[in-house]
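A.B. asks: model this:
(one chain, ligands or ions: 1)
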Amino acid sequence: MGRYFGTNGIREVVGATLTAPFVAEMVGAIARVHEGPGPAVVGTDGRTSSPALGRIASGVLSLAGRDVVELGVLPTPAIQYNVPRLRGRLGVILTASHNPPEFNGIKGIASDGLEFPPEVEAAVEAAYERHDAPGVPYDRVGRIQGDPRGGDRYLEGIRGQVDVEAIQRRRFRVVLDCGNGASVVTSPHLLGSLGTRYVTLNGTLDGMFPGHLSEPTEANLADLVSTVPAIRAELGVAHDGDADRAVFVDEKGRYVPGEKILALLAREAVREAGKGTVVTPVTSSDAVREVVESAGGKVLYTRVGSPVVARAMQAHAAVFGGEENGGLIFPRHQLARDGAMTLARVLEVLAREGVPLSQLIDALPSYTLVKRKVPCPVALRQPVLEELTSAMDRGDPGVEVSTLDGIKVISRSGWYLVRPSGTEPLYRVFAEARDRATAESLAEDAIAKLEAVIRRLSDRTA
Ligand code: MG
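C.D. replies: Here you go, the predicted structure:
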């Protein structure tokens, strides 16, 4: 992992590490490694600093000699969708996804709409460290133009992927929680055009996130969970801050864990194709493998991070891919996580199956995936992992250890995985078993081991 780019781009605290000079130099470095024809496409999420950061990015790219198409505020997948369609040489997105409000960030998009591959990120970081931003004379400065059609173009693309008439006929009643994020500008229009009767929660753009924090966890979605059954809606849906993810609430008001929707839509994709590869990180539920294999497909595991999943899907011509956090990728649409596409697809499956969402979810293999966070200083994330890995080497014959990403320990009762976050000062702990008590105890066991190592290394460096 590079010095600046994490699992999903650069994310820093506004006014502390994310300053105007930092953004200008980093976008300048991005311009340096993207010579060749085609405009730069710039878009932002709805954070308080996003308009300023977007203008800095456009200005720097223009002064580097590149024409700029400004899309304004749009979900990350909408901006990605537009890059190849505008024949962009690259895209720059100013967003911090689901992070707390004090963050913002920079995401680089390649000409094919996928996130920068690791070697491009490394080249950008090297150019940044050399202070190597290009500058052109006055007669070669790029033009900056706005494009108000970016959102519509994206939604047309999504509607082209689903049976719109079948969805419209059902006149679904939906509660949509935009979490005051970028989906405000697209998902209500999508739901309207799909003939749903919808109610919006937190439906204004507001970088203070007055409704709830922008990570769509069960704890943050209490209003959505209570509203869905209260108005007898068939579905609740929430997006994270940049709407590359969607999570759901069933008609009974139950929060549907992301891995369930992942398993459901992975199975549908394999069924439709008759076979095929599904790509998912090592953090995914065994339910995904179970349903994919029984539908005649196979699962390819990767490291965590949607850019890694997207590139592996491209390399293996996968029929579907995604993560347990509600970030799902539909390759016929685009190789990027897409919250609105996920919503349209869930509505299509509901329309076709003609049963409530709860019934589709309850019919999936039953596993409980427990997710926890353990704070860990950034400087200790890597040393802690090394220490944990060497402690694992003592080996128990009934246990399989995978170090594809973090450490995954698989035993007969279930598995747990600990891995350092790529974007935040913490470790993520996942544990899965057939029942909640076992999953919780696997998680507790992993957390105890992890915290002991963090404590020991903190004492040593103190
Ligand atoms: Mg996101």
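
A.B. asks: Next to the ion in this structure, residues from this protein, please.
C.D. replies: 97, 240, 242, 244 (C-beta under 5 Å from the ion). Where you see a C-beta, it was placed from the backbone N, CA and C, and this is true even at glycine.

A.B. asks: In space, what's closest to whichever residue of the chain sits closest to the ion - neighbours in sequence excluded?
C.D. replies: Distances between the chain and the ion by C-beta to the ion are smallest at residue 97, namely 3.3 Å. Leaving aside its chain neighbours, residue 97 sits nearest to residue 242 (4.8 Å; criterion: C-beta to C-beta, 6 or more residues apart in numbering).

A.B. asks: and that neighbour, which of the three is it?
C.D. replies: Recorded secondary structure, residue 242: coil (DSSP: H, G, I helix; E, B strand; the rest coil).

A.B. asks: Number of residues surrounding the residue of the chain closest to the ion?
C.D. replies: Using other C-beta atoms under 10 Å, residue 97 has 27 neighbouring residues.

A.B. asks: one step back: check the burial of the residue nearest to residue 97 by counting its neighbours.
C.D. replies: Residue 242: 33 surrounding residues under other C-beta under 10 Å.

A.B. asks: same deal with residue 358?
C.D. replies: 15.

A.B. asks: tell me the contacts of the closest residue to it other than its chain neighbours?
C.D. replies: Distances taken as C-beta to C-beta, 6+ apart place residue 250 nearest to residue 358, at 4.2 Å, with adjacent residues excluded. Going by C-beta atoms under 8 Å, 6 or more residues apart in numbering, residue 250 touches 228, 235-236, 256, 356-358, 361.

A.B. asks: who's in contact with residue 157?
C.D. replies: 81, 333-334.

A.B. asks: for the record, mean pLDDT for the one helix or strand residue 347 maps to?
C.D. replies: Secondary structure assignment for residue 347, by DSSP states H and E: helix 339-353. For helix 339-353, the mean per-residue pLDDT is 98.

A.B. asks: list the buried ones in that helix?
C.D. replies: Applying a neighbour-count criterion of 16 or more other C-beta atoms under 10 Å, the buried positions in helix 339-353 are 339-351.

A.B. asks: so how far is that helix off the chain centroid?
C.D. replies: Taking C-alpha atoms, centre = their mean, to the nearest Å, one finds the center of helix 339-353 at 18 Å from the center of the full chain.

A.B. asks: Could you check how many residues crowd around the closest residue to residue 110 other than its chain neighbours?
C.D. replies: Leaving aside its sequence neighbours, residue 110 sits nearest to residue 116 (C-beta to C-beta, 6+ apart; 5.8 Å). By other C-beta under 10 Å, the residues close to residue 116 number 22.

A.B. asks: do the same with residue 152
C.D. replies: Every residue meeting other C-beta under 10 Å relative to residue 152 is counted, giving 12.

A.B. asks: unless I'm mixing things up, the residue nearest to residue 97 is touching residue 76, no?
C.D. replies: Yes - contact criterion C-beta atoms under 8 Å: residue 242 and residue 76 qualify, at 4.1 Å.

A.B. asks: in the stretch 1-150 of the chain, which spans are helices?
C.D. replies: With DSSP state H, counting those that start in this stretch as the criterion, the stretch 1-150 of the chain has helices at 20-32, 50-63, 76-85, 118-129, 150-159.

A.B. asks: what mean pLDDT does the second one have?
C.D. replies: Taken as a whole, helix 50-63 carries a mean pLDDT of 98.

A.B. asks: can you pull the buried residues of it?
C.D. replies: So helix 50-63, judged by 16+ other C-beta under 10 Å, has buried residues 50, 52-54, 56-63.

A.B. asks: re earlier: quick check: of the contacts of residue 157, which has the highest neighbour count?
C.D. replies: Ranked by the number of neighbours (other C-beta under 10 Å), those place residue 81 first, at 28 neighbours.

A.B. asks: Pull the contacting residues for that residue.
C.D. replies: Residues in contact with residue 81 (C-beta under 8 Å, 6+ apart) are 113, 153-154, 157, 333-334, 336.

A.B. asks: do the same with residue 102
C.D. replies: Counting by C-beta under 8 Å, 6+ apart, residue 102 touches 13-14.
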